[in-house]
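# would you be able to build a 3D model of this:
(5 chains, ligands or ions: 4)
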Amino acid sequence: MLKLEKISKTIDGRQIIKEVSFEVVEGQTLCIVGPSGAGKTTLLRIISGLETFDSGTITLNNEPFVPKVDNASKGVIGVVFQDFRLFPHLSTLANISLAPELVSDNDQKQAREQAITLLDQLDLADKADLYPYQLSGGQKQRVAIARALAMHPQILCYDEPTSALDPSLRDSVAALIQQLKLEKITQIVVTHDLDFAAKIADQTYELAPQE
Amino acid sequence: MLKLEKISKTIDGRQIIKEVSFEVVEGQTLCIVGPSGAGKTTLLRIISGLETFDSGTITLNNEPFVPKVDNASKGVIGVVFQDFRLFPHLSTLANISLAPELVSDNDQKQAREQAITLLDQLDLADKADLYPYQLSGGQKQRVAIARALAMHPQILCYDEPTSALDPSLRDSVAALIQQLKLEKITQIVVTHDLDFAAKIADQTYELAPQE
Amino acid sequence: IRNLNSVNNKKTTLIVGLDDTFVPMGFREKNGQIVGFDVDLAKATAKKLGQKITFQAIDWNMKETELRNGTIDLIWNGYTKSPEREKQVAFSQPYLRNQQVLITMKQSNINSFADMKGKRLGLQNGSSGQTLFEEKPKVLKNLVADKTAVLYDNFNTAFLDLQAGRTQGVLGDSIYAGYYIRQQQDPDRFQITTGGFSGETFAIGMRKQDTKLKRRIDTALNELREDGTIARLSQKWFKQDLTITLKS
Amino acid sequence: MNWQYITEILPALLDGTKMTLSLFLLTLVLSIPLGLLVSVGLRSKYRPVRAVLKLYVWLMRGTPLLLQLIFVFYGLPIIHIVFERYSAALFAFVINYGAYFAEIFRGGLQSVDEGQSEAAQILGLRPWQIFRKIILPQVNKKVIPAMGNEVINLVKDSSLVYVIGLGDLLRAGNIAMARDVTLVPLLLVAVIYLLLTAALTWGLRSAERHYNYYQ
Amino acid sequence: MNWQYITEILPALLDGTKMTLSLFLLTLVLSIPLGLLVSVGLRSKYRPVRAVLKLYVWLMRGTPLLLQLIFVFYGLPIIHIVFERYSAALFAFVINYGAYFAEIFRGGLQSVDEGQSEAAQILGLRPWQIFRKIILPQVNKKVIPAMGNEVINLVKDSSLVYVIGLGDLLRAGNIAMARDVTLVPLLLVAVIYLLLTAALTWGLRSAERHYNYYQ
Ligand SMILES: Nc1ncnc2c1ncn2[C@@H]1O[C@H](COP(=O)(O)OP(=O)(O)OP(=O)(O)O)[C@@H](O)[C@H]1O
Ligand SMILES: Nc1ncnc2c1ncn2[C@@H]1O[C@H](COP(=O)(O)OP(=O)(O)OP(=O)(O)O)[C@@H](O)[C@H]1O
Ligand SMILES: [Mg+2]
Ligand SMILES: [Mg+2]
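Ligands and ions are numbered 1, 2, ... in the order given. So this is what the prediction gives:
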């Protein structure tokens, strides 16, 4: 479905990514592993159009695909950021329901109900009205996951989605990913946790560091 | 050495921590585990004096100990924060060498040399001149660890020190902790990673969530 | 702090306060020198007094306060004598005639104060014209639009507004009106109408307690009038003799 | 200082206050949106847009508002643009303060983490929605103290209208001071300004407190 | 407009510019530290300290600088505090601008993440070191645009000294305008102000660019 061919990227004269090629099959889950600093986050930024790349091609369903942030508005790609990037001025609930309300044609009630369901699934039911600064690390991470899920994108990218989660929550997230797989959502998961990867991956790509 | 007795803490009317008691033996490593939101970060904040507590007592070497941030200046406690809190305007090297230079009586050269050694140990030798915004998640976390280590505190607290690290770096950090143990440094490590805990812990405390 | 009593005898330099934008009475030349009718007269007076004199630029609104605080000793810059002001300061004998006149554009066909009915009038804030305008409402105030005048910080802007057509008349000193119109490229466009208000006089303002100084200055002014100095200066600066002849 | 004198001159001062307030409020309402617009333009991708707006900000901040008033009111008639007095004042104030506000908003926009806008883009929000729902609330929190300075300047700057013959609070005080040769009217003027600023300061602190709900 | 006239009046204008610049520079050098000090005090734990400083800021921002100049120079002699003209101007400007700068710095301090100071405390840095090495550099980056506004205001506000009889650039222009009955001197004044502000704007942008090394 999404195919990268010989993608390279240099920042400030440093080669960050060199000729990376792989393909994700529709509805499958690809895990990207690799040492810290290998360029995993950068790769996700390229796929989601937040970063340009220097050479190589990307195709989506065999058609040339120029990752641009506008694609997102068409519901193509969602991202769970490594550093969460919650909106500090919005409550947990509003962080999740904002985009469905504004972008999808959900009405406010629908959007809120969906958000509450997601919070429930991630064991955050009682945190709906707190603001990000009142959440613990793992709680923030789960809100970030819920926020991305709420938009039902075709391709969902996760950057270390379980780094702040305890084993039982990690299993919840794994279950969630399996469930989305049943809904035919294509998922790309960056993770350090090899057990976790083993549990969810249809395919694993190892990114080697440069230098 | 450091003993907590029936420590409780309420924030905004929510009971976050309830009657927590444990003791850390000098030179040993205590792992604190527990689900997300159990209050682990809050507990570290209390020990390091960043947060007050409502009831209970803390003793250090059998003397009443009122955690106050001033203690830090006497080199008692160091903290590796869950969200890193690097100084954005300082280079990686300066983040690490700043405090030794200003607080300990190290001269500039000594402080820098020590920082470089630490960077080396954490596989960051080539990142010395980058600024935090140029680092990957795992690189930031390692700088945060190095920054706390550089002050050689008596008690060193880590909040999820390996959340962003790949397995091989996790082993490096475990090795580092073992090495500090030889130097008789008392260590308190909050972690979700049970394998990691098993590797380093002399003692494990399980924090149960409230509600 | 200056010893204010010493201004009465010859020891201390006298400080004359003036608005250095007030042409042609006292203003700064392009080279920065302060010149003008009053400046010439003050210098001549100082010579007669045998006392040194300096000029200090001030904000005209603050003149009486400057005098009271002793940061200046004399207000000497086309300072119109009025009963109001006499409550605050001591005046020397008057040395020059002046009159409040109405300046209009020729094309607007205003030939008397009465023609200002329903028209807009401009005034300088704090000028003696403003005082007369308020005190004698029958002459102008009750005639003009809204029964109020537009107040300007200086005559210059008042004249600019007149030419822009947003006012139809400016009430001001005949002396300044004459100077202003002489400076225009096309002086014939303007018209000066007199007769609305009776004449007034310029005098020098001093602190009331400086009685000795007042006596010496009055004597000096008498001598300067009698030897023709004032008349000569008047011709030099106004192209006419505006000297006051004492009706003793 | 005596009470009778104060009650005598107070009506004139309050009359001047009306002009001060009307100019203040209208300028605020018009120049804040202008400033916001310009601040966004100053961060535009298009170089010419940035250049033009930089020039505008420079001209407006670079010359005294007093001179701008003089040029608008006395200078423009030379090229046959004749403003009515009050409109001239309002026009000059709005374009002047628009530039100051633009700089403040630009600073605010700059200090909102780029990651916020990236996250919103990925969620599919349109640029306008990102601006309105994500960026602006965070900018507002940051700019209040600096905006406070300019808003309070504006109350007092309105006294510059004297130069085009409009009478405001300070003008009313000056007239009374020059006429009665006493500093009392100015003291009263100061008190009225203090009351106005107290109200503004209170409003600004409330706004700050409002945004304290998050960190 | 003709060149000969311009060269004739230029020396007087440049002379006025000297006064403008000297007051500007001295005020800046003295009021920025004052403002920084006050901003720290405004966040003090001690209520009375905060109350006094709030009052100070309110009084200074709450009344026009023009009135403050008048009170310092004409009012204080009533209670036997006599300032020399230039010192009076400098004193009034420093305490006035100190208050404005204080508000800007307060905003800047507020928007530096509390976690920064916590991290530095734990590392054992003393309060002064935390302020100097951690907080201030981050504040500086944030406040430059707002400071720019006030700094540029200061250049132009220096023209208010006319009220205590000091001659600055604008005054020099006014004199020439009244004498020669033309708006040309004011145009020249505007040009000189523009040049001064261009230099300042350039300096401010360099400062901004300097702090761009991190995000
Ligand atoms: N703006 C930048 N300037 C210079 N180098 C950068 C910049 N951004 C990223 N890098 C470098 O690019 C490399 C890859 O970064 P990236 O964040 O993609 O790593 P990662 O694989 O996600 O690592 P981690 O697992 O630690 O998050 C790192 O070495 C980092 O220092
Ligand atoms: N300022 C606050 N206001 C309200 N609740 C707070 C505040 N700070 C923390 N909490 C709550 O306290 C609880 C414990 O937080 P803490 O950060 O200590 O958890 P933690 O054990 O470190 O979790 P994690 O493993 O996810 O980091 C959480 O439920 C959090 O929502
Ligand atoms: Mg990463
Ligand atoms: Mg935590």
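
# for A:Ile200, the count of nearby residues, please.
Neighbourhood size, A:Ile200 [other C-beta atoms under 10 Å in any protein chain shown]: 21. C-beta here means a position set from N, CA and C on the backbone, and glycine is covered the same way.

# how close does it sit to ligand 3?
Using C-beta to the ion, to the nearest Å, we find A:Ile200 at a distance of 18 Å from ligand 3.

# again, but for A:Val143
Counting by C-beta to the ion, the gap from A:Val143 to ligand 3 is 19 Å.

# mean confidence score for the longest helix along chain C?
The helix that spans the most residues within chain C, counting by DSSP state H, is helix C:211-226. Average pLDDT, helix C:211-226: 93.

# which helix or strand in chain D has the lowest average pLDDT?
Using mean pLDDT, DSSP states H and E, the weakest-scoring helix or strand in chain D turns out to be helix D:169-180, at a mean of 80.

# packing partners of the next helix or strand after that one?
Downstream of helix D:169-180, the first helix or strand assigned by DSSP states H and E is helix D:184-210. Based on contacts counted as 3 or more C-beta pairs under 8 Å, 6 or more residues apart in numbering or on different chains; DSSP states H and E, the elements that helix D:184-210 packs against are helix D:3-42, helix D:136-157, helix D:169-180, helix E:47-62, helix E:65-70.

# any chance of these in JSON lines, with mean neighbour count and distance to B:Val143 too?
Putting the helices and strands packed on helix D:184-210 into JSON lines (neighbours: other C-beta atoms under 10 Å in any protein chain shown; distance: least, C-beta to C-beta, whole Å) gives the following:
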{"stretch": "helix D:3-42", "mean neighbour count": "17", "distance to B:Val143": "34"}
{"stretch": "helix D:136-157", "mean neighbour count": "22", "distance to B:Val143": "27"}
{"stretch": "helix D:169-180", "mean neighbour count": "23", "distance to B:Val143": "57"}
{"stretch": "helix E:47-62", "mean neighbour count": "16", "distance to B:Val143": "37"}
{"stretch": "helix E:65-70", "mean neighbour count": "23", "distance to B:Val143": "48"}
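
# what's the closest of those to chain A?
For those, distance to chain A was read as C-beta to the nearest C-beta. The smallest value, 4.7 Å, belongs to helix D:136-157.

# relative orientation of that closest one and helix D:3-42 in degrees?
140 degrees (axes from the mean of the first three to the mean of the last three C-alpha atoms, to 10 degrees).

# pLDDT of helix D:136-157, averaged?
93.

# anything in that helix near chain A?
Yes: interface with chain A: helix D:136-157 contributes D:Pro137, D:Gln138, D:Lys141 (C-beta under 8 Å from any C-beta of the partner chain).

# list the contacts of the residue nearest the centre of chain C.
Residue closest to the average C-alpha location in chain C (C-alpha atoms, centre = their mean): C:Gly78, at 2.5 Å. By C-beta atoms under 8 Å, 6 or more residues apart in numbering or on different chains, the contact set of C:Gly78 is C:Phe22, C:Met25, C:Gly26, C:Asp38, C:Asn98, C:Asp173, C:Ile175, C:Tyr176, C:Phe202.

# out of those, which end up buried?
C:Phe22, C:Met25, C:Gly26, C:Asp38, C:Asn98, C:Asp173, C:Ile175, C:Tyr176, C:Phe202 (16 or more other C-beta atoms under 10 Å in any protein chain shown).

# between those residues, which is nearest ligand 4?
C:Phe22 (75.0 Å; C-beta to the ion).

# residues from chain D in reach of ligand 2?
Contact residues, chain D versus ligand 2 (C-beta under 6 Å from any ligand atom): none.

# pass me the low-pLDDT residue ranges in chain D, would you?
Along chain D, the parts satisfying pLDDT under 70 run over D:1, D:181.

# hang on, D:Phe24 packs against D:Lys156?
No: judged on C-beta atoms under 8 Å, D:Phe24 makes no contact with D:Lys156 at a distance of 9.4 Å.

# so where do the helices sit in chain A?
A:40-47, A:69-73, A:92-102, A:108-121, A:137-149, A:167-182, A:194-200.

# please work out which of those helices is packed deepest.
Scoring those by mean neighbour count under mean count of other C-beta atoms under 10 Å in any protein chain shown gives helix A:137-149 as the most buried, with a mean of 26.

# check whether it contacts chain E.
No: Helix A:137-149 is not in contact with chain E by C-beta under 8 Å from any C-beta; minimum separation 12.7 Å.

# would you single out the least confident of the helices of chain A?
helix A:69-73 (a mean of 59).

# now do the contacts for the residue of chain A found nearest chain C.
The nearest approach of chain A to chain C comes at A:His89, 47.3 Å away (C-beta to the nearest C-beta). The neighbours of A:His89, taking C-beta under 8 Å, 6+ apart as the test, are A:Tyr131, D:Pro137, D:Gln138, D:Lys141, D:Tyr211, D:Tyr214.

# nearest spatial neighbour of it, skipping sequence neighbours?
Distance criterion C-beta to C-beta, 6 or more residues apart in numbering or on different chains; nearest residue to A:His89, sequence neighbours excluded, is D:Pro137 at 4.7 Å.

# quick check: the gap between that neighbour and A:Ala150.
20 Å (C-beta to C-beta, to the nearest Å).

# ok, for C:Asn69, nearest residue in space, not its chain neighbours?
Nearest one to C:Asn69, counting by C-beta to C-beta, 6+ apart, is E:Pro77 at 4.7 Å.

# what's the burial count for the one you found?
18.

# hmm, back to that, nearest to ligand 4, out of the contacts of A:His89: which one, please.
Using C-beta to the ion, the contacts of A:His89 come closest to ligand 4 at A:Tyr131, 16.4 Å.

# pretty sure that closest one contacts A:Ala94?
No: the pair A:Tyr131 and A:Ala94 fails to qualify as a contact (C-beta under 8 Å) at a distance of 9.3 Å.

# residue in chain D with the shortest distance to ligand 4?
Ligand 4 sits closest to D:Gln215 of chain D, with a gap of 16.4 Å, by C-beta to the ion.

# does that residue sit in a helix, a strand or a coil?
coil (DSSP: H, G, I helix; E, B strand; the rest coil).

# doesn't A:Pro88 make contact with it?
Yes: in this structure D:Gln215 lies within contact range of A:Pro88 using C-beta under 8 Å: 6.9 Å.

# show me which residues of chain A sit near ligand 3.
Proximity of chain A to ligand 3 (C-beta under 5 Å from the ion) is limited to residues A:Thr41, A:Gln82.

# hmm, 6 Å instead?
Contacts of chain A with ligand 3, taken as C-beta under 6 Å from the ion, map to A:Lys40, A:Thr41, A:Gln82, A:Asp159.
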